[in-house]
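need a 3D model of the sequence below.
(chains A, B, C and D)
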Amino acid sequence: MAIRVQPLRDLAKIQHYYGFRYLLNPGVHEKIFDKLDLPQTYQDTSKLKVLDLYPGPGQHSAIFHNRFKPLQHVLMDARPDFVKHLRGLSSTQNDSFQLYGKDPYEWQSYTDLIDVEKKFVPSKRSLDSIHDEFLVLANLTGMVGEGLFMQWLACVGNRNWLHRFGRVKMLVWVLESTAMKILARPGDQLRSKCSVVADTFTDTKLVATMETKNLHKFGQGVIDSHKPVLFPENDVWMPSGKPISLLEVNPSKHNIDLDNFDYVTKHLLILRSTPLCEAFESLGHGGRDYFTTVIKDKKFLRKCPKELTSSEFLMITEAFVNWPFKPDIYMDFIDVFQDND
Amino acid sequence: MLRFSRSCSRMLVSKRLTSQLRCVSQTAFLRKPSGNIDGLSGATGREDIGFLKSSSVSMSPHFGPFDHSHAVVSAAESRDIMNLWSLLEACLHSGYMERAFSILKSLYALKSHQAYFIDDYNKFLMKYAETLHDIKDLDKKLFHDIQETFPACEYNDKTLAILIHHALKLSSSAEAKLEHCKIYFKMAVSGQRSILSNVDVLTVPNYKSLVHDLKLVSLNELPAAVRPLIESGNIVTGEMLSSQQSSEINAKALSHGEVALDRNIEPLDKDAKELLAVDTIGMKVVRHTLLGLSFTEDQKKQITSFNFDTSSNLLNFDQEKESIDFFEMFRNLKSEEERRSFESALDEFNQDRQHQLENRATDAAKERWRHDFEEAKSRGDLSIQKKLNIKLWEWFNLMLPLVKEEVRRCAAVANKTAQDTSLSPQEKKQNKARQEYGPYLTLVDPEKMCVITILELLKLNSTGGIIEGMRTARAVISVGKAIEMEFRAEMLLKNESHVFKDVNKKSHEFKLMVQRARATFRSIKIEESKVLWPQEARAKIGSILISMLIHVAKVKVEGVDPVTNEKIKGEAPAFSHGYQYHNGSKLGVLKIHRSLIHQLNGERLVAAVQPQLLPMLVKPRAWNSWNSGGYYYTQSTLIRSKDSPEQVAYLKAVSDAGAIDNVYRGLNVLGETPWTVNRKMFNVMSQVWNSGKPFLDIPGIQEKLTLTPQPPRDADPSVHREWKLKNKELANEFSGNRSARCDANYKLEIARAFLGEKFYFPHNLDFRGRAYPLSPHFNHLGNDMSRGLMTFWHGKRLGSTGLRWLKVHLSNLFGFDKAPLEDRVRFAEDHIDDIRDSAEHPLDGKCWWKEADKPWQALATCMELNEALKMSNPDDFVSHQPVHQDGTCNGLQHYAALGGDIEGATQVNLVPSDRPQDVYSHVAKLVVARLEKAAANGDETAALLKDKIKRKVVKQTVMTNVYGVTYIGATHQIDKQLSTLFNDHKRSYELSKYLTKHVFASVRELFEGAHLIQDWLGECAKRISKSIRLDVDEKTLKNGNKPDFMSSVIWTTPLGLPIVQPYRENGKKQVATNLQTVFISDPFAINPINARRQKAGFPPNFIHSLDASHMLLSAAKCGEKGLDFAAVHDSYWTHACDVDTMNVVLREQFIKLHEVDLIERLKDEFDERYKNYLQILKIDKKSEVAMKVTDLKKKLSQKLGRPFTLADEIYMEKKRIQLLSSEDASEQAEGANMVTTVSLVAGAGDISNLEKTSDASCLVVLAPLTLPQIPPKGDFDVRELEKSKYFFS
DNA sequence: TTATTGTCTACCGACAATATCAATACTTACGAC
DNA sequence: CTTGTAAGTATTGATATAAGTAATAGACAATAC
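Have a look, this model is predicted:
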């Protein structure tokens, strides 16, 4: 039984959007799904389990549900106005479309759902291919969305959280600015640790993005090669706010120690425009000497961190791990000022 | 204070004459400056402890921190001046005369600076003259400069002094000297005496020559301090004494011989008990300075005259075994007479040691390293400590050539000897940078700079929240500052030796006179140095030096090859520059290599306690101006200004007007209280310390930080998070412990260095007038341990009241301080056995003292009491123990006095009572009452809480209530207490929220009047900080309708200290240095104010300014009465026998303070100070005034052809006020006729009834600033206090 | 010009974000008249 | 000699950085509309 797809003007009646923005044009959603070609990954969508995080007004969810008729589709949202709205949407409908009213921000919500209450139990899949029975949808266009997304990426790297079940595809709405950061290529202005991490642990594509005059700020050839669906600002609610984009995140197969990689990229990218041979010194006592001995390629040493590819960072990380005098990467924090009574 | 510019005709006259007489001296006929208008005349007659005079100064029309009549002008210009000054100073000292001259030109171009320009020129001239060989060249130069280059500049008497000095130096014949000097004296601006008063220019031989050889001046024209040096041929023989003073001294010296001791004083062995795990580089340095001074023959004679066996321990560097316990000696002297003469001898001896202490510490450190290094070379026994010193010595030697080379290059750039053409672009850039920092880098001896850099970095280990390192920003600035400090001390010394260079100081008596003269000289010199290096320059040279150290400093390291699992040895830089993130912001970090940390023995190095800032061996220099007082070679300012030029400007103004003498008086009393280390306490503490175990508040030694094992990678993110939090907690605890241990270490080390010494704490004020000792780490403001470690140098016989007070004191220290005095006395008497046991077996007895609230001080008091009680008549015991009298919630006491709350005043003991009141318990009682009432009405929460309310729960909140704690903040505090009772976090927080409401209500109920005052103060602060001043630069108004608010809350304390709240927006900017850019505030930027902080800070700051005044008044009075006095804000200390006297003084002074209606006076002051300021109001659009204003705006808008903005309104009003205050009658009339939006509103009278809040129907108008009505005062009369014995107890 | 969104939350002593790049302001060089 | 333009350089301003938000509630400032 199909879920009711409400038009924008109805959904606009929801009081609070909590600073999130949602694409609310069914046509565009359909276009996006056309482009995504999900059946290629999920040959049998009747076995598909979908976890839908921050579904908000639920238009996206409804369209998805109607189109793919998954085995189970859990909407996780705890924001009162949306919960009220979604409850109306899910209760009258078939029982594969369920609302789970806990806060998707809390890790605990997931353990409750999956391990404690066992209301949604995905299967475990090997790392050889993208998980074919589990899909995550999410909207992270809110205030802390970017931070949460970065943590999710770290989870991809650590293979914990939802990613303990395998290489789980995620379709995530984020702010355009976040998308730009994530998709920045080596040498780009915006090249930063998160894009390196995204490169390393995932294959991420820009599926759709709002039409703005900033499109050119996406990294080299992102628009050309990803050919995102473009939609106008009118299709988005709330009417004001920052532009948004949809990312398709495909975790890749890897076996990398995140902590060391994290340390190396973090520190090198502080000096993003400093030639490596100098930037290495900031990795620890005697870093320059060590790395310039280990890495012979003079030309490489003249490159600067923002120009490096993911695999080059991996190479440096490996060297770092083998450094006898490497610093303690777990001491790399600031001891916040403690107030005494 | 303006000097009239020269007239044209005089110019011609002088030119004509010049041509005739050029042969003698060109400068002779430079125009004579016309007299200058002297400072503001004093205030009116009636008795004034400072307020009247001071406030009239700081509000006089001639004064304004943004005003052109004072040195501080517009922000930009004053910054320019300061930068140029410091650069000028630097260039002069580095000998870059050409550059210096061009800086002079820039200074000359600054209009606001003109009146002061001659001072700068004089500095230049003085240096320039040194390069010359003929006095005529100097003449020529001066003539040319003043006639041509700086025509608006006029010479002064100092200029003449410089000429005279050089005339005497350069002229070959006596005739030539005479001729020149004669002319120069004739040119005097304010007389011969004025010329001669420049003791920093003229040397002693100069004076001598002027008096004796040339007979140009008579003896009594000389400055008093110099006179004795010149008299009767002292210079020649140094032995003949003629003055009254010297014969007195002579008598004293003789009397020394007669002093006999009935008991041998054992020389003590300061190093016998090496403190365990204490790294002593730094303090060894200090000790060497203290001990390692060899006595002069005279001193030796003197000391031996006391029958002490000192001939064998002329202490020096290698022989650091023994020293003298001056305190023990002093204590055992029998007669008053003996003690007096002993003290005077000691004081004199200490003059020299103080000098050494402030000046020689860096050298001493270096020598220590070298010494250990050489010792190791010859012997090879290497303690860890010595190994470190050897390492440091190596670094020093590696670093030195680099520094030297850099200095050379800087010099080359400055002298333009480095050719630009052949350089790479990079080198060019470097040279450009050198041009900026070069002048500063070349001032201090490279060796010293190396030592300072090394010491600073080691000292900063583990600061700023970095576990094995420090923040780069802090490091570079610290090094820069240390260099600057060194430079200042050196400069002072150099100047001093220049002036006194040919003085023969053979005899002891003569030396005394020289000392006296020197002191005068130094005061002048320090007052004169108003220059500080710009923060930027500090950071730059700091970074240069640090990067050089990073480059050379290496340590041996061991590691395991992760591939082969083999142990590998290697070498790595000891310091490494990197970054860390904190909340997404980068932070520059200098990390110290772990292997070096281990060598530091897990403790922060006690290396470089700013040797300049230790307790003083002699009485601090008395405060007599805003920047003169305290240490002898180190400049400190009267108030610790928070980078606020405004504060300084106000302070300067009242200081120059001599309006804050009462502040100085009080402060000087604090500084003149001599202290010594309590040896017995020191012994107990060092024993505890050496065990390395935790004891009371000293944490145990913790070798290194061990983090918990990492959870598996695929564990839930929440597990990872827990792990990270746990680690942070561990790290926090670790560094907390380490810094606590380190702090204790500092204290013990300093105490050890000062064992047996007599020392003083020079004091300073924070911006509200509260006093703090200048020396960090070890002072009486410190924790229980610090306080337990020190005691008064002077002893006083207890007498019966003294004994009683000592007992009360002990009881207080145990926290038993809420009972009547008799009960407290009984408390002590009931524990006589415990006291004896604690005193005699502090560590191996019952340890009763450890149960005290303040255990260390309790122990000290036990010991004191025990000694007293051992005597047949305890009243005869001579006690050194300070006894404290604390105000019961001092802030509330002042509030109660201001608000006239009878109930409140009773609760804080302003009203006589037979037992002391305890506010906290009382509030707790009130809260319980409320809860019970609520519970009776069926409130479950109340029922749950009602029997959980103890004094402790509400104490912090009641206390912080005075500081304006918010509802949420108080909830946190209460939650901290409640969460120990309830396990459930959420629940306890809910309860806390609930409880907080009741606590707030109770406090408000109890101190109704006080709260009204608090609110009133807050409201005033808010209005002031959101007012618009008309006298600022127009450019701040340029952004249309949102002018920046620029006025901070300023008031004058009863003592006359002007207080400027420094809260402004953060004006920090990035500054590039060698290592990284650092984020520092520009001290001259005048930023928009932070209204929130102004408002929140004013009530507590005002109260603090009152309690500070009370303290200083009491100090001065106690000083007058001959008491030894110390204070910790609201805790006043004196000898046990003097407590009663002190208490009377405290009450007297409190009454004196509050007899005036301070709030009313404050309002008057505000009304005067902020008159003509404007405020933004919202009034009813439909009111008559509003309509008029709208009309006017419309009209003006049409006229302008654009919207009439707020800025326009302000500008217009400014015009009007200018016209009104004009001296020209027609202009005045024009102003009176002018109609502005403000005049319309002002004309409408009271418009408070028209004010609307956020209604749509309101109009924003500018109105004259008005302050709310003062709340009604309660009926409490402060004079009742006179008989309240528990006021302070 | 009004709604909403974001910030901050107790005083003082006290102690601190930085790299990079685009855009603007400012200077210099050089050429032409 | 003046002044124009271009090019180059110094200064200023904006932006990203990391990556749990523990928890409250009300005032006030800033920003967007």
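
in chain B, which residue sits nearest DNA strand D?
B:G584 (2.7 Å; Cβ to the nearest atom of the strand). All C-beta atoms are positioned from the backbone trio N, CA, C, and that covers glycine.

any idea how far chain A is from that residue?
Distance, B:G584 to chain A, by Cβ to the nearest Cβ, to the nearest Å: 9 Å.

list the contacts of that residue.
Counting by Cβ atoms under 8 Å, 6 or more residues apart in numbering or on different chains, B:G584 makes contact with nothing.

tell me the phi and psi of it?
When read as degrees, to the nearest 10, the backbone of B:G584 gives phi 80, psi 0.

what about it, distance to A:K193?
According to Cβ to Cβ, to the nearest Å, B:G584 and A:K193 sit 11 Å apart.

for the residue nearest to A:L8 when sequence neighbours are not counted, which residues are in contact?
Excluding the flanking residues, the one nearest A:L8 by Cβ to Cβ, 6 or more residues apart in numbering or on different chains is A:L24, at 4.2 Å. By Cβ under 8 Å, 6+ apart, A:L24 lies in contact with A:7-8, A:11-12, A:57, A:59, A:235-237.

for stretch B:1048-1064, how far is the first residue from the last?
Start-to-end span of stretch B:1048-1064 (Cα to Cα, to the nearest Å) is 8 Å.

hmm, back to that, please identify which pair of the contacts of A:L24 lies farthest apart.
A:P7 and A:V236 (13.7 Å; Cβ to Cβ).

so which of these two has more stuff around it?
A:V236 (21 against 11; other Cβ atoms under 10 Å in any protein chain shown).

mind checking pLDDT for the more buried one?
On the pLDDT scale, A:V236 is placed at 92.

then B:D347?
84.

give me the distance between B:K997 and B:D886.
30 Å.

actually B:R987, sorry about that
From B:R987 to B:D886 the distance is 37 Å (Cβ to Cβ).

how about B:A90, what does it touch?
B:A90 neighbours (Cβ under 8 Å, 6+ apart): B:439-440, B:442-443, B:533.

low-confidence ranges in the stretch 1-150 of chain A?
A:91-93 (pLDDT under 70).

where do the strands of it begin and end?
Along the stretch 1-150 of chain A, the segments classed as strands by DSSP state E, counting those that start in this stretch run A:22-23, A:49-53, A:72-76, A:97-100, A:130-139.

do the stretch 201-341 of chain A as well
Using DSSP E, counting those that start in this stretch, strands in the stretch 201-341 of chain A cover A:202-210, A:229-231, A:236-237, A:244-251.

show me what contacts the nearest residue in space to B:I135 that is not next to it in sequence?
Spatial nearest neighbour of B:I135, chain neighbours left out: B:L170 (4.5 Å); criterion: Cβ to Cβ, 6+ apart. Neighbour list for B:L170: B:132-135, B:138 [criterion: Cβ under 8 Å, 6+ apart].

how does it look with 7 Å?
B:132-135 (Cβ atoms under 7 Å, 6 or more residues apart in numbering or on different chains).

which parts of chain B sit against DNA strand D?
B:432, B:581, B:583-586, B:717-718, B:721, B:724, B:966-968, B:971-972, B:975, B:985-986, B:989, B:993, B:1022, B:1026, B:1070, B:1091-1092 (Cβ under 7 Å from any atom of the strand).

out of these, which are inside strands?
Counted as lying in strands by DSSP state E, out of the residues of chain B next to DNA strand D, are B:581, B:585-586, B:1070.

could I get the strands of the stretch 1-150 of chain A in CSV, plus columns for distance to DNA strand C?
Output for those, formatted as CSV (distance: least, Cβ to the nearest atom of the strand, whole Å):
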stretch, distance to DNA strand C
strand A:22-23, 15
strand A:49-53, 20
strand A:72-76, 22
strand A:97-100, 24
strand A:130-139, 16
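
rebuild the ones you listed as CSV, extending it with mean neighbour count and distance to DNA strand D.
CSV is the format used below for the strands of the stretch 1-150 of chain A (neighbours: other Cβ atoms under 10 Å in any protein chain shown; distance: least, Cβ to the nearest atom of the strand, whole Å):
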stretch, mean neighbour count, distance to DNA strand D
strand A:22-23, 24, 16
strand A:49-53, 25, 11
strand A:72-76, 24, 13
strand A:97-100, 22, 16
strand A:130-139, 23, 12
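
need the ones you listed in JSON lines (columns: distance to chain B).
Formatted as JSON lines, those follow (distance: least, Cβ to the nearest Cβ, whole Å):
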{"stretch": "strand A:22-23", "distance to chain B": "26"}
{"stretch": "strand A:49-53", "distance to chain B": "14"}
{"stretch": "strand A:72-76", "distance to chain B": "16"}
{"stretch": "strand A:97-100", "distance to chain B": "18"}
{"stretch": "strand A:130-139", "distance to chain B": "15"}
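
turn those strands into TSV, including distance to B:N198.
Shown next, in TSV, are the strands of the stretch 1-150 of chain A (distance: least, Cβ to Cβ, whole Å):
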stretch	distance to B:N198
strand A:22-23	80
strand A:49-53	80
strand A:72-76	83
strand A:97-100	87
strand A:130-139	78
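
what separation is there between A:Y263 and A:L269?
In terms of Cβ to Cβ, A:Y263 sits 11 Å off from A:L269.

again with B:S335
In terms of Cβ to Cβ, B:S335 sits 77 Å off from A:L269.

looking at these two, which one has more neighbours?
A:L269 (20 against 9).

wouldn't the more buried one be in contact with A:L190 here?
No: counting by Cβ atoms under 7 Å, A:L269 sits too far from A:L190 to count as a contact (11.4 Å).

what about B:D947, how many neighbours?
Neighbours of B:D947 (other Cβ under 10 Å): 11.

in a helix, that's where it is, yeah?
No: going by DSSP: H, G, I helix; E, B strand; the rest coil, the assignment for B:D947 is coil, not a helix.

in what helix or strand does the closest residue to it other than its chain neighbours lie?
Nearest non-adjacent residue to B:D947, counting by Cβ to Cβ, 6+ apart: B:V928, 7.8 Å away. Per DSSP states H and E, B:V928 falls inside helix B:919-936.

packing partners for that helix?
helix B:940-945, helix B:951-961, helix B:985-1006 (3 or more Cβ pairs under 7 Å, 6 or more residues apart in numbering or on different chains; DSSP states H and E).

what is the second one packed up against?
Counting contacts by 3+ Cβ pairs under 7 Å, 6+ apart, helix B:951-961 packs against helix B:919-936, helix B:967-978, helix B:985-1006.

tell me the bridge partners for the residue lying closest to A:H226 once chain neighbours are set aside.
Take A:H226 and drop its neighbours on the chain: the residue closest to it by Cβ to Cβ, 6+ apart is A:L206, 4.3 Å away. With DSSP bridges as the criterion, A:L206 is bridged to A:L247.

noted, bye for now.
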